[in-house]
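**Q** please find the sequence and the predicted model below.
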Amino acid sequence: MTGMLASVNSETEASLVLDTNVDIIDLKQPARGALGALDTDSVKKIVARVDGRKPVSATIGDLPMQADLVFNAVTAMAETGVDYIKIGFFPGGDWPGTLEKLSVLTRQNLALVAVLFADSQPDFDVIPMLGSAGFTGVMLDTMDKQKGSLTQVMAKPAIEQFVRQAKTRQLLCGLAGSLRLEDILELMPYQTDYLGFRGALCEQHNRTGQLSREAIMQIKQAIATY
(Lines give C-alpha, C1' and ligand atoms only; values in the text may rest on other atoms or scores of the structure.)
Protein backbone atom coordinates (compact mmCIF):
# COMPACT_ATOMS: atom_id res chain seq x y z
CA MET A 1 0.00 0.00 0.00
CA THR A 2 1.32 3.44 -0.94
CA GLY A 3 1.40 6.01 1.83
CA MET A 4 1.47 9.81 1.83
CA LEU A 5 4.48 11.81 2.99
CA ALA A 6 3.88 15.48 3.80
CA SER A 7 6.77 17.91 4.23
CA VAL A 8 6.41 20.51 6.99
CA ASN A 9 8.61 23.27 8.39
CA SER A 10 7.12 24.05 11.82
CA GLU A 11 5.27 22.67 14.83
CA THR A 12 2.09 24.29 13.54
CA GLU A 13 2.36 22.55 10.19
CA ALA A 14 3.27 19.27 11.87
CA SER A 15 0.13 19.49 13.99
CA LEU A 16 -1.98 20.10 10.88
CA VAL A 17 -0.72 17.07 8.97
CA LEU A 18 -0.93 14.98 12.13
CA ASP A 19 -4.59 15.93 12.42
CA THR A 20 -5.17 14.94 8.81
CA ASN A 21 -3.55 11.55 9.45
CA VAL A 22 -0.82 11.54 6.81
CA ASP A 23 1.47 8.51 6.89
CA ILE A 24 4.91 10.14 7.24
CA ILE A 25 5.73 13.62 8.52
CA ASP A 26 8.81 14.97 6.77
CA LEU A 27 10.74 17.91 8.24
CA LYS A 28 12.52 20.36 5.98
CA GLN A 29 12.74 24.07 5.18
CA PRO A 30 11.74 24.57 1.52
CA ALA A 31 13.04 28.15 1.54
CA ARG A 32 16.57 26.75 1.96
CA GLY A 33 16.62 24.56 -1.13
CA ALA A 34 15.46 21.22 -2.47
CA LEU A 35 16.29 19.51 0.83
CA GLY A 36 16.75 22.53 3.06
CA ALA A 37 17.17 21.52 6.69
CA LEU A 38 15.40 22.76 9.79
CA ASP A 39 17.62 23.54 12.77
CA THR A 40 17.92 20.66 15.20
CA ASP A 41 16.16 22.49 18.05
CA SER A 42 13.06 22.91 15.86
CA VAL A 43 13.23 19.26 14.84
CA LYS A 44 13.38 18.16 18.48
CA LYS A 45 10.28 20.20 19.29
CA ILE A 46 8.35 18.73 16.38
CA VAL A 47 9.42 15.19 17.29
CA ALA A 48 8.13 15.83 20.82
CA ARG A 49 4.87 17.21 19.44
CA VAL A 50 4.31 14.18 17.21
CA ASP A 51 5.20 11.95 20.16
CA GLY A 52 5.52 8.75 18.17
CA ARG A 53 2.05 8.92 16.61
CA LYS A 54 3.53 8.96 13.10
CA PRO A 55 6.98 8.26 11.67
CA VAL A 56 9.06 11.42 11.28
CA SER A 57 11.80 12.00 8.72
CA ALA A 58 14.15 14.96 8.40
CA THR A 59 16.59 16.24 5.80
CA ILE A 60 20.15 17.36 6.55
CA GLY A 61 20.23 20.14 3.95
CA ASP A 62 21.63 20.68 0.46
CA LEU A 63 25.15 19.56 1.29
CA PRO A 64 27.97 18.62 -1.08
CA MET A 65 28.94 14.96 -1.06
CA GLN A 66 31.87 15.29 1.32
CA ALA A 67 32.09 12.33 3.68
CA ASP A 68 32.94 14.14 6.92
CA LEU A 69 30.49 16.98 6.29
CA VAL A 70 27.57 14.64 5.59
CA PHE A 71 28.53 12.29 8.42
CA ASN A 72 28.57 15.12 10.97
CA ALA A 73 25.22 16.48 9.75
CA VAL A 74 23.61 13.05 9.98
CA THR A 75 25.05 12.49 13.45
CA ALA A 76 23.65 15.82 14.65
CA MET A 77 20.22 15.13 13.18
CA ALA A 78 20.15 11.66 14.73
CA GLU A 79 20.25 13.25 18.18
CA THR A 80 16.81 14.80 17.55
CA GLY A 81 15.08 11.43 17.68
CA VAL A 82 13.66 11.38 14.14
CA ASP A 83 12.85 7.98 12.66
CA TYR A 84 14.48 8.53 9.27
CA ILE A 85 17.26 10.83 8.09
CA LYS A 86 17.21 11.88 4.42
CA ILE A 87 20.48 12.58 2.61
CA GLY A 88 20.58 14.25 -0.78
CA PHE A 89 23.00 12.60 -3.20
CA PHE A 90 23.86 15.70 -5.20
CA PRO A 91 25.97 15.58 -8.39
CA GLY A 92 29.72 15.49 -7.93
CA GLY A 93 31.68 14.88 -4.76
CA ASP A 94 32.72 11.60 -3.21
CA TRP A 95 29.73 9.25 -3.26
CA PRO A 96 31.66 6.02 -2.48
CA GLY A 97 33.61 7.64 0.37
CA THR A 98 30.44 9.17 1.81
CA LEU A 99 28.64 5.81 1.67
CA GLU A 100 31.55 4.08 3.38
CA LYS A 101 31.56 6.67 6.15
CA LEU A 102 27.80 6.49 6.63
CA SER A 103 27.85 2.70 6.85
CA VAL A 104 29.30 3.19 10.33
CA LEU A 105 26.00 4.82 11.32
CA THR A 106 23.77 2.25 9.65
CA ARG A 107 25.54 -0.42 11.72
CA GLN A 108 24.34 1.55 14.74
CA ASN A 109 20.77 1.07 13.44
CA LEU A 110 20.27 4.60 12.15
CA ALA A 111 17.65 4.58 9.38
CA LEU A 112 19.14 6.51 6.46
CA VAL A 113 17.30 7.33 3.24
CA ALA A 114 19.20 8.43 0.14
CA VAL A 115 17.59 10.99 -2.15
CA LEU A 116 18.45 10.85 -5.86
CA PHE A 117 17.49 13.70 -8.17
CA ALA A 118 15.63 12.94 -11.38
CA ASP A 119 16.71 16.16 -13.07
CA SER A 120 20.43 15.46 -12.56
CA GLN A 121 20.62 12.25 -14.63
CA PRO A 122 21.04 10.02 -11.57
CA ASP A 123 23.03 6.80 -11.82
CA PHE A 124 20.79 4.04 -10.51
CA ASP A 125 23.86 1.81 -10.15
CA VAL A 126 24.24 3.48 -6.75
CA ILE A 127 21.12 1.66 -5.50
CA PRO A 128 22.90 -1.69 -4.89
CA MET A 129 25.64 0.28 -3.13
CA LEU A 130 23.03 1.82 -0.85
CA GLY A 131 21.79 -1.64 0.06
CA SER A 132 25.31 -2.83 0.80
CA ALA A 133 25.94 0.25 2.97
CA GLY A 134 22.92 -0.59 5.10
CA PHE A 135 20.61 2.21 3.98
CA THR A 136 16.94 1.80 4.88
CA GLY A 137 15.52 3.49 1.82
CA VAL A 138 15.94 5.53 -1.33
CA MET A 139 13.72 8.11 -2.93
CA LEU A 140 13.55 9.98 -6.20
CA ASP A 141 13.05 13.75 -6.06
CA THR A 142 13.90 16.84 -8.12
CA MET A 143 16.44 19.60 -7.45
CA ASP A 144 15.02 22.39 -9.59
CA LYS A 145 11.39 22.83 -8.60
CA GLN A 146 10.84 25.18 -11.56
CA LYS A 147 11.29 22.41 -14.13
CA GLY A 148 8.02 20.70 -13.29
CA SER A 149 7.00 17.55 -11.49
CA LEU A 150 8.84 14.23 -11.43
CA THR A 151 6.64 12.89 -14.21
CA GLN A 152 7.61 15.85 -16.40
CA VAL A 153 11.37 15.55 -15.95
CA MET A 154 11.80 11.75 -16.00
CA ALA A 155 10.35 9.25 -18.46
CA LYS A 156 8.14 6.44 -17.22
CA PRO A 157 10.63 3.64 -18.03
CA ALA A 158 13.29 5.33 -15.87
CA ILE A 159 10.90 5.78 -12.94
CA GLU A 160 9.88 2.15 -13.28
CA GLN A 161 13.54 1.08 -13.34
CA PHE A 162 14.22 3.07 -10.17
CA VAL A 163 11.33 1.47 -8.31
CA ARG A 164 12.22 -2.02 -9.50
CA GLN A 165 15.86 -1.70 -8.39
CA ALA A 166 14.86 -0.30 -5.00
CA LYS A 167 12.42 -3.13 -4.41
CA THR A 168 14.96 -5.72 -5.54
CA ARG A 169 17.28 -4.45 -2.81
CA GLN A 170 14.36 -4.40 -0.34
CA LEU A 171 14.80 -0.68 0.22
CA LEU A 172 11.98 1.59 1.37
CA CYS A 173 11.04 3.38 -1.84
CA GLY A 174 9.56 6.85 -2.31
CA LEU A 175 8.72 9.18 -5.20
CA ALA A 176 8.56 12.96 -4.84
CA GLY A 177 9.47 16.09 -6.78
CA SER A 178 6.85 18.81 -7.15
CA LEU A 179 4.17 16.13 -7.39
CA ARG A 180 0.71 17.33 -8.34
CA LEU A 181 -2.73 15.86 -7.80
CA GLU A 182 -2.77 14.67 -11.40
CA ASP A 183 0.52 12.78 -10.92
CA ILE A 184 -1.03 10.40 -8.41
CA LEU A 185 -2.94 8.38 -11.00
CA GLU A 186 0.23 7.96 -13.06
CA LEU A 187 2.49 6.97 -10.15
CA MET A 188 0.26 4.72 -8.06
CA PRO A 189 0.68 1.67 -10.35
CA TYR A 190 4.37 1.52 -9.35
CA GLN A 191 3.28 0.59 -5.80
CA THR A 192 5.99 2.59 -4.08
CA ASP A 193 5.99 2.78 -0.29
CA TYR A 194 5.07 6.45 -0.34
CA LEU A 195 4.53 9.53 -2.47
CA GLY A 196 5.96 12.79 -1.10
CA PHE A 197 4.31 16.20 -1.33
CA ARG A 198 4.97 19.82 -0.39
CA GLY A 199 3.93 22.35 -3.03
CA ALA A 200 0.66 20.58 -3.83
CA LEU A 201 -0.30 20.86 -0.14
CA CYS A 202 0.24 24.63 0.03
CA GLU A 203 -1.91 27.64 -0.74
CA GLN A 204 -1.62 28.45 -4.46
CA HIS A 205 0.79 25.49 -4.74
CA ASN A 206 3.60 27.68 -3.42
CA ARG A 207 6.01 25.28 -1.67
CA THR A 208 7.29 28.04 0.62
CA GLY A 209 3.75 29.15 1.51
CA GLN A 210 1.20 28.01 4.08
CA LEU A 211 -0.24 24.52 4.10
CA SER A 212 -3.89 24.11 3.13
CA ARG A 213 -6.01 21.56 4.99
CA GLU A 214 -8.26 21.26 1.95
CA ALA A 215 -5.32 20.51 -0.35
CA ILE A 216 -3.91 17.94 2.09
CA MET A 217 -7.22 16.13 2.30
CA GLN A 218 -7.62 16.20 -1.48
CA ILE A 219 -4.23 14.55 -2.01
CA LYS A 220 -4.85 12.04 0.77
CA GLN A 221 -8.23 11.09 -0.64
CA ALA A 222 -6.80 10.61 -4.14
CA ILE A 223 -4.19 8.18 -2.83
CA ALA A 224 -6.67 6.33 -0.63
CA THR A 225 -9.23 5.82 -3.39
CA TYR A 226 -6.87 4.66 -6.11
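**A** The structure has been received and is ready for your questions.
**Q** phi first, then psi, for residue 17.
**A** phi -70, psi -30 (degrees, to the nearest 10).
**Q** for the residue lying closest to it once chain neighbours are set aside, give me its contacts.
**A** Distance criterion Cβ to Cβ, 6 or more residues apart in numbering; nearest residue to residue 17, sequence neighbours excluded, is residue 6 at 4.3 Å. Every C-beta, even on glycine, is put in place using the N, C-alpha and C of the backbone. For residue 6, the contact set (Cβ atoms under 8 Å, 6 or more residues apart in numbering) comprises 17, 20, 22, 24-26, 196-198, 201, 211, 216.
**Q** tell me if residue 6 really is in a strand.
**A** Yes - judged by DSSP: H, G, I helix; E, B strand; the rest coil, residue 6 forms part of a strand.
**Q** how near is it to residue 115?
**A** As defined by Cβ to Cβ, to the nearest Å, residue 6 lies at a distance of 16 Å from residue 115.
**Q** one step back: how close does the residue nearest to residue 17 get to residue 50?
**A** Relative to residue 50, and taking Cβ to Cβ, residue 6 is found at 12 Å.
**Q** what touches both of those two?
**A** With Cβ under 8 Å, 6+ apart, residue 6 and residue 50 have common neighbours residue 25.
**Q** hmm, back to that, just the ones of the contacts of residue 6 in helices?
**A** Among the contacts of residue 6, the members falling in helices (DSSP state H) are 17, 216.
**Q** drop anything exposed from the contacts of residue 6.
**A** Buried residues within the contacts of residue 6, counting neighbours by 16 or more other Cβ atoms under 10 Å: 17, 20, 22, 24-26, 196-198, 201, 211, 216.
**Q** closest one of these to residue 36?
**A** Using Cβ to Cβ, residue 198 comes nearest to residue 36 of the buried ones among the contacts of residue 6, at 10.8 Å.
**Q** what's the closest non-adjacent residue to the closest one?
**A** In space, residue 198 is closest to residue 7, 4.1 Å off (Cβ to Cβ, 6+ apart).
**Q** for the one you found, what are its contacts?
**A** Neighbouring residues of residue 7 by Cβ under 8 Å, 6+ apart: 26-28, 30, 196-198, 201.
**Q** try 7 Å this time
**A** With contact set as Cβ atoms under 7 Å, 6 or more residues apart in numbering, residue 7 has these partners: 26, 28, 196, 198.
**Q** which residue, other than its chain neighbours, is closest to the third one?
**A** Spelled out, it's residue 196. residue 176 (3.2 Å).
**Q** do the same with the second one
**A** Taking Cβ to Cβ, 6+ apart, and ignoring the residues beside it in sequence, residue 28 has residue 59 as its nearest neighbour in space, at 4.3 Å.
**Q** the one you found - how many residues pack around it?
**A** 29 (other Cβ atoms under 10 Å).
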